[in-house]
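In: please work out how this folds:
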Amino acid sequence: MSKLLRVLTGLRAANRTGGGVARRIRRFDGWLDRASTRDDGAAGYDHTETVREYYDISNDLMVWGWGESLHFAPLSPGESVQDSKIAHQRLMISKLELREGMTVVDIGCGIGGPMRRVVSEAGVRVVGVNINETQMERAKSLDAEAGLDHMVDYLTCSFMDMSAVADGTFDRGYAIESTCHAPDKVGAFAEIFRVLKPGALFWGQEMCMTDRFDPDDDQHRAMEQDLRHGIALKDIATFGEVNRALETAGFELIEGMDRGAEENGSTTPWYRPLESWSRTLGNSVMGVPHGRKTAIGGSRLAEALRILPKGSAEVVEMLHRTANAYAAGGRAGIFTPLYCFLARKPD
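Out: Predicted structure coming up:
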């Protein structure tokens, strides 16, 4: 199926549930207000549902613009976006010391881009955990196309509650830009801690505010709110907050660093592919501002012609604003999606 047809199919599927795309995008747009006025009782705000909604309405457009591996990676001169993701995933494989025969949990597996590399290159068995059924079905389909489905199992649930999994099940674990969505980071890490075997390694990649973020700076706070809204993040932790959450959950922190920082080897800004198209980067034209604006106009026309459901253009506009927020936070040096850590569950 072509990428464009996949987007069309995905938006039509999203339109059949939750009152249609237009109603769902309006509901998502208001999530920050609901969260800030939530009732802590039984009828209170549930951030898990906001994250599920976010990926329901935006997944296929994100894959179209960013590829099957929905994460950022450090960029080096002359390196394409795709090659940078492959190198980053191989670094994770190396840090986790994966060996054939291991069973590994992929926390928030998305549509399984990193999972397929882990399985094919490390020869391990992976269990993908994801609350979003749309993404999980796509992961199953792509795994089968790659001939890897016999090495993968799937668990459709929140990573905040993996009660179907026994204590001490997995040899290794990783979470790439997923636990940043957790409504309670300590709770998320504690549940991951529980399902890992003693001595198991855990790799994570978190979206964080850097040490340059000043909560008393109005412009910084506005950027943070734009990021939270556009990426469905209840909070954006600092490096120290991530480290303390890991340790509170019981992990021993081995290393933690912003791999998007120049001093850690990323000599091309991680947000560059969102700002300008380059043949070298190999980034999607739809990922850069003029391409996104063209997509907004095209989706409006497709709505008028009833090719796309009403509200589709609003989804594209939301992703355009989110990409701008990523780039603004990166340029200001106050945000990174590349805080990477390696931790161990004590023996």
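
In: surely residue 257 forms part of a helix?
Out: No. Counting by DSSP: H, G, I helix; E, B strand; the rest coil, residue 257 falls outside a helix, being strand.

In: and the closest residue to it other than its chain neighbours, how many neighbours?
Out: Of all residues not flanking residue 257 in the chain, residue 264 sits nearest, at 5.3 Å (Cβ to Cβ, 6 or more residues apart in numbering). Bear in mind the C-beta positions are built from the backbone N, C-alpha and C, glycine included. Residue 264 sits with 12 neighbouring residues when counted by other Cβ atoms under 10 Å.

In: I'd say residue 264 and residue 74 touch.
Out: Yes. Counting by Cβ atoms under 8 Å, residue 264 does reach residue 74; the two are 7.3 Å apart.

In: SS state for the spatially closest residue to residue 74 that is not a sequence neighbour?
Out: Of all residues not flanking residue 74 in the chain, residue 266 sits nearest, at 3.7 Å (Cβ to Cβ, 6+ apart). Put simply, residue 266 is coil when judged by three-state DSSP.

In: likewise for residue 202?
Out: strand.

In: for it, list each beta-bridge partner.
Out: For residue 202, the beta-bridge partners are residue 173, residue 343 (DSSP bridges).

In: quick one: contacts for it?
Out: 172-175, 192-193, 196, 251, 342-345 (Cβ atoms under 8 Å, 6 or more residues apart in numbering).

In: ditto for residue 234
Out: So residue 234 contacts 35, 47, 181-183, 228 (Cβ under 8 Å, 6+ apart).

In: in helices, which of those residues fall?
Out: 35, 47, 228 (DSSP state H).

In: once you drop chain neighbours, what's closest to the first one?
Out: Which is residue 35. Closest to residue 35 by Cβ to Cβ, 6+ apart is residue 45, at 5.1 Å.

In: that neighbour against residue 32, yeah?
Out: No. Counting by Cβ under 8 Å, residue 45 does not reach residue 32; the two are 10.1 Å apart.

In: number of residues surrounding the residue nearest to residue 74?
Out: 20.

In: got it, and the one 5 residues further on?
Out: Neighbours of residue 271 under the rule other Cβ under 10 Å: 20.

In: what sits against it?
Out: 326-327, 329-331.

In: look up how far residue 118 lies from it.
Out: 26 Å (Cβ to Cβ, to the nearest Å).

In: and if you look at residue 273?
Out: Counting by Cβ to Cβ, the separation of residue 273 from residue 118 is 23 Å.

In: with residue 227 instead?
Out: For residue 227 relative to residue 118 (Cβ to Cβ), the value is 28 Å.

In: of these two, which one has the most company?
Out: The neighbour comparison of residue 227 against residue 118 (other Cβ under 10 Å) goes to residue 118, with 27 against 21.

In: so who does that one touch?
Out: Contacts of residue 118 were listed using Cβ under 8 Å, 6+ apart, and they are 89, 92-93, 98, 104, 106, 124, 126, 174.

In: buried sites along the helix or strand hosting it?
Out: Using DSSP states H and E, residue 118 sits within helix 113-122. Buried residues in helix 113-122, defined by neighbour count with 16 or more other Cβ atoms under 10 Å: 113-119, 122.

In: next: stretch 217-225.
Out: For stretch 217-225, burial by neighbour count (16+ other Cβ under 10 Å) applies to 220, 223-224.

In: now do the strands in the chain.
Out: Counting by DSSP state E, the chain has strands at residues 103-107, 125-130, 152-156, 170-176, 196-209, 252-258, 335-344.

In: check contacts around residue 72.
Out: Per Cβ under 8 Å, 6+ apart, neighbours of residue 72: 177, 260, 270, 337-338.

In: show me which of those is closest to residue 84.
Out: residue 270 (8.8 Å; Cβ to Cβ).

In: thinking that closest one is in contact with residue 338, fair?
Out: Yes. Contact criterion Cβ under 8 Å: residue 270 and residue 338 qualify, at 5.9 Å.

In: which neighbours do the two have in common?
Out: Applying Cβ under 8 Å, 6+ apart, one finds that residue 270 and residue 338 are jointly contacted by 72-74, 260.

In: if we can go back for a sec, so which of the contacts of residue 234 wins on neighbours?
Out: In terms of neighbours by other Cβ under 10 Å, those top out with residue 182 at 28 neighbours.

In: how much space separates the closest residue to that residue other than its chain neighbours from residue 215?
Out: The spatially closest residue to residue 182, leaving aside those adjacent along the chain, is residue 188, at 3.7 Å (Cβ to Cβ, 6+ apart). Noted for residue 188: a distance of 23 Å to residue 215, by Cβ to Cβ.
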